[in-house]
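Undergrad: I'd like to go over a predicted model; first the sequence, then the structure.
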Amino acid sequence: MKKLFALAAIAAAAVGAHAQDFPAGKTVTLVVPFAAGGPTDRVARDLAEAMQKTLGTTIVVDNTAGAGSSIGTAKVARANPDGYTLLLNHIGMSTMPALYRKLPFNVETDFEYLGMVNEVPMTMIGKPGLPANNYKELTTWIAANKGKINLGNAGLGAASHLCGLLFQSALKVEMTPVPYKGTAPAIADLLGGQIDLLCDQTTNTTSQIEAKKVKAYAVTTSKRLTTPALKDLPTLDESGLKGFEVAIWHGVYAPKGTPAPVLKKLNEAIKAAMKDPGFIQREEALGAVITTDKRTEPAEHKKFVSAEIAKWGPIIKAAGVYAD
Ligand code: ASP
C-alpha cells in the first residue's frame, strides 16, 4: 500500500513539474467549433497570434464545426486536461444547455474558464438584389413573402440562430432556417442568392457591407455603432423592435482538471492579448469590443456565463426550439 501511495505521489509531482514547464515549446491547439473563415474563427486566429507572443509557443486553430458548436465543444470537454487543447466559443455556451435536450458535456462543470475576450455586435443582412433598401422596406418585403423566406444560421446554438429566433419572434413571422457549419459558408450562399437573410457578427459582415456586396438593414445592439462602415445602420430597437438587443461574447475554455499553474499562464496570455495593440486594432476595425473589465478573470467569466444561461434559458424555452 505504502508503495502505491509513493508511486501516486511521484506521478502527481511529475504532473506538477510538467505544469510548471507549460507550454515547454509544444504546440497548443485552439478549437473553433465553427467553419474556417467565419467570425469565431477570425477572433480565434487573431487571439492565437497575440497569445503566442506571451506563451512563446505556436497556437494552431482547429475548426471542428457542426451542430451549432456542440461537436467542437464536446471535443475539448473530452480532451486531455493538460492545457494543450483549448476552446474558443461564443454565447452558444449559454444557449446550448436550453437548445439541446442532450448534450455530451455540462457547460458549467466540464470546463475550466479562462477569461472572456470580446463582445461583438450583429447585423441583419440580406442577399444582393433583395428588393428592400432599408429596414422599413425589409419589413414590407417580409410581410409580402411570408412562408417563402430562407434565413441562414450556423446551427442550433449559434449566435446567428439565436438572433434569427429573436427576430422572427419579435416580428411574429416564421422563416425557413437553413443551417450551416458556420456563417462563412452561410454568407457565401447569401452572396450567391441561395438564402435571403442572415443575422451575423460584424467581424464577418463589415467588409461585405463596406463593399456593398450585401444589403445591410440594422444592428442588433441597443446603440448605433461607431465603426465607419456601420455607423449609419439603425438599431433594431429604434426601428420598431423595442428592447431588441443581442451582442455576442467570446470566451476561452480548457478541459476540467487542467492544472492550476497552466490555467494561470493561459489566463495571463489572454490578459496580455487584451492589451496587444495589433489585436485591439484588428478587432475594433470589425466592430468588436475587447474585454478589459473583470470578466477576463476566470471566476468572473464563469459567473457571467452562468448569468447568461439563466437569461437565455427561459427565452429559448418560450420559443419552443430544441434539438435531440
Ligand atoms: N459565430 C457564428 C454564429 O454563431 C458562427 C461562426 O463563427 O461561423 O452564427
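TA: Yes, it's here.
Undergrad: for whatever residue of the stretch 201-324 of the chain ends up closest to the ligand, name its beta-bridge partners.
TA: Residue nearest to the ligand within the stretch 201-324 of the chain: residue 201 (5.7 Å; C-beta to the nearest ligand atom). Every C-beta, even on glycine, is put in place using the N, C-alpha and C of the backbone. Counting by DSSP bridges, residue 201 is bridged to residue 122.
Undergrad: any idea how far the closest residue to residue 64 other than its chain neighbours lies from residue 138?
TA: Leaving out its chain neighbours, the residue that sits closest to residue 64 by C-beta to C-beta, 6 or more residues apart in numbering is residue 72, at 3.7 Å. The gap separating residue 72 from residue 138 is 33 Å, by C-beta to C-beta, to the nearest Å.
Undergrad: then residue 112?
TA: Taken as C-beta to C-beta, the span from residue 112 to residue 138 is 43 Å.
Undergrad: swap in residue 304?
TA: From residue 304 across to residue 138, the span is 33 Å (C-beta to C-beta).
Undergrad: same question for residue 157.
TA: 26 Å.
Undergrad: neighbour count winner among those two?
TA: residue 157 (29 against 21; other C-beta atoms under 10 Å).
Undergrad: can you verify the residue nearest to residue 64 is assigned to a helix?
TA: Yes: counting by DSSP: H, G, I helix; E, B strand; the rest coil, residue 72 is part of a helix.
Undergrad: pLDDT-wise, which helix or strand of this structure ranks last?
TA: helix 2-21 (a mean of 55; mean pLDDT, DSSP states H and E).
Undergrad: would you mark the buried spots in stretch 128-140?
TA: Of the residues in stretch 128-140, 130, 132, 135, 138-139 count as buried by neighbour count, 16 or more other C-beta atoms under 10 Å.
Undergrad: over to stretch 60-78?
TA: For stretch 60-78, by 16+ other C-beta under 10 Å, it's 61-77.
Undergrad: among the residues you listed, name the ones in helices.
TA: 70-77 (DSSP state H).
Undergrad: now do the helices in the stretch 151-300 of the chain.
TA: 159-171, 183-191, 202-210, 260-273, 277-285, 298-319 (DSSP state H, counting those that start in this stretch).
Undergrad: for the ligand, what are the nearby residues on the stretch 201-324 of the chain?
TA: Where the stretch 201-324 of the chain comes near the ligand, counting by C-beta under 6 Å from any ligand atom, the residues are residue 201.
Undergrad: so where's the stretch 201-324 of the chain shaky on pLDDT?
TA: 324 (pLDDT under 70).
Undergrad: and the closest residue to residue 77 other than its chain neighbours, how many neighbours?
TA: Nearest residue to residue 77, sequence neighbours excluded (C-beta to C-beta, 6+ apart): residue 105, at 3.7 Å. Look at residue 105: counted by other C-beta under 10 Å, it has 19 neighbours.
Undergrad: now do residue 211
TA: Burial of residue 211 is recorded as 9 neighbouring residues (other C-beta under 10 Å).
Undergrad: does stretch 46-62 reach the ligand?
TA: No: using C-beta under 6 Å from any ligand atom, stretch 46-62 never reaches the ligand; the gap is at least 11.8 Å.
Undergrad: list the buried residues in that stretch.
TA: Buried residues in stretch 46-62 (16+ other C-beta under 10 Å): 46-52, 54-55, 57, 59, 61-62.
Undergrad: pLDDT of it, averaged?
TA: For stretch 46-62, mean pLDDT is 97.
Undergrad: then it to CSV, C-alphas only?
TA: Coordinates of each C-alpha in stretch 46-62 appear next as CSV, following Å, rounded to 0.1, in the frame of the first residue of the first chain:
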residue,chain,number,x,y,z
ASP,A,46,-6.2,37.0,-34.0
LEU,A,47,-6.2,35.9,-30.4
ALA,A,48,-3.9,32.9,-31.1
GLU,A,49,-1.4,35.3,-32.8
ALA,A,50,-1.5,37.6,-29.8
MET,A,51,-1.4,34.8,-27.1
GLN,A,52,1.6,33.0,-28.6
LYS,A,53,3.8,36.0,-28.1
THR,A,54,3.3,35.6,-24.3
LEU,A,55,3.3,31.8,-24.3
GLY,A,56,6.4,31.6,-26.6
THR,A,57,4.9,28.7,-28.4
THR,A,58,2.7,28.1,-31.5
ILE,A,59,-1.1,28.0,-31.2
VAL,A,60,-2.9,26.3,-34.1
VAL,A,61,-6.6,26.7,-34.8
ASP,A,62,-8.6,23.5,-35.3
